[in-house]
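Enquirer: Give the three-dimensional model of this entry:
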Amino acid sequence: MKYKVYIITGAPGVGKSTIAEKLRELYPHSFFIDIDVFRKQVGKVDMNLHDQDYLKTLDIVANNVRFLLENDLYLPIFVFDCLSPKNIDSFVEAIGNKGEIKQIVLWMGNDLLKERITSRVGHFYYDFENAKKMNDWFFEYRDTKHDDFLFLDRSEFDVEKTVERIVMEVM
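Expert: Sure thing, here's the model as predicted:
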């Protein structure tokens with residue numbers, strides 16, 4: 001295993017939850033944290049990425065990840081969320097152990113993203129304009145990182161190929 005923590009992020013609609021389901025099948029003894037699910041459990045889902053409750057949630061999750069790392073539990077750890085580039089860096093810093101963390105950003109072209117967002121039925125998030133804004137952030141963010149960062153264009157990869165690329169990073 002190359003890294004102990006994998007932060008998988010991207011705009012709403014790029015397929016983070018779908019990828020998480022496939023990774024759970026491949027790594028059943030690993031720890032998976034979907035921050036959206038965590039926020040629902042604590043009673044608040046707000047896609048304002050600078051909301052104080054959201055930042056507190058990230059801090060709680062970072063503390064849990066740090067505990068799992070310190071005790072070598074359930075490795076690797078997969079964390080899924082729509083972390084903005086600013087919040088990714090703060091989250092990684094809060095976890096510590098930077099050399100043990102790999103950031104994986106899922107991205108897709110805005111036309112495909114719009115199709116995916118607007119076709120959601122019964123999902124709590126379907127605001128394409130905000131998703132597009134986040135998608136654009138991630139596209140710009142791809143040029144600012146180095147070895148601890150993988151940018152995957154979901155426009156080029158289906159679910160299986162995306163999971164295959166992530167598995168290549170994990171092993």
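Enquirer: secondary structure element for the residue nearest to L83 when sequence neighbours are not counted?
Expert: If the residues on either side of it in the chain are set aside, L83 comes closest to T9, at 4.5 Å by C-beta to C-beta, 6 or more residues apart in numbering. (C-beta placed from N, C-alpha, C; glycine too.) According to DSSP states H and E, T9 maps onto strand 5-10.
Enquirer: Check E156 too.
Expert: Judged by DSSP H and E, E156 forms part of no helix or strand.
Enquirer: again with F151
Expert: Element membership for F151, per DSSP H and E: strand 149-153.
Enquirer: name the helices or strands packed onto that strand?
Expert: strand 101-107, helix 159-170 (3 or more C-beta pairs under 8 Å, 6 or more residues apart in numbering; DSSP states H and E).
Enquirer: So which of these is the most surrounded?
Expert: By mean neighbour count, with neighbours taken as mean count of other C-beta atoms under 10 Å, strand 101-107 ranks first of the helices and strands packed on strand 149-153 at a mean of 23.
Enquirer: strands paired with that strand, and their directions?
Expert: Strand 101-107 pairs in its sheet with strand 5-10 (parallel), strand 149-153 (parallel), by DSSP bridges.
Enquirer: Any idea which helix or strand in this protein has the lowest mean pLDDT?
Expert: Ranked by mean pLDDT, DSSP states H and E, the weakest helix or strand in the chain is helix 35-41, scoring a mean of 74.
Enquirer: who's in contact with it?
Expert: The contact list for helix 35-41, computed with C-beta atoms under 8 Å, 6 or more residues apart in numbering, reads V45, D46, Y54, T57, L58, I60, V61, V79, F80, D81, C82, L83.
Enquirer: Next, give me the two most distant ones among those.
Expert: D46 and V79 (18.6 Å; C-beta to C-beta).
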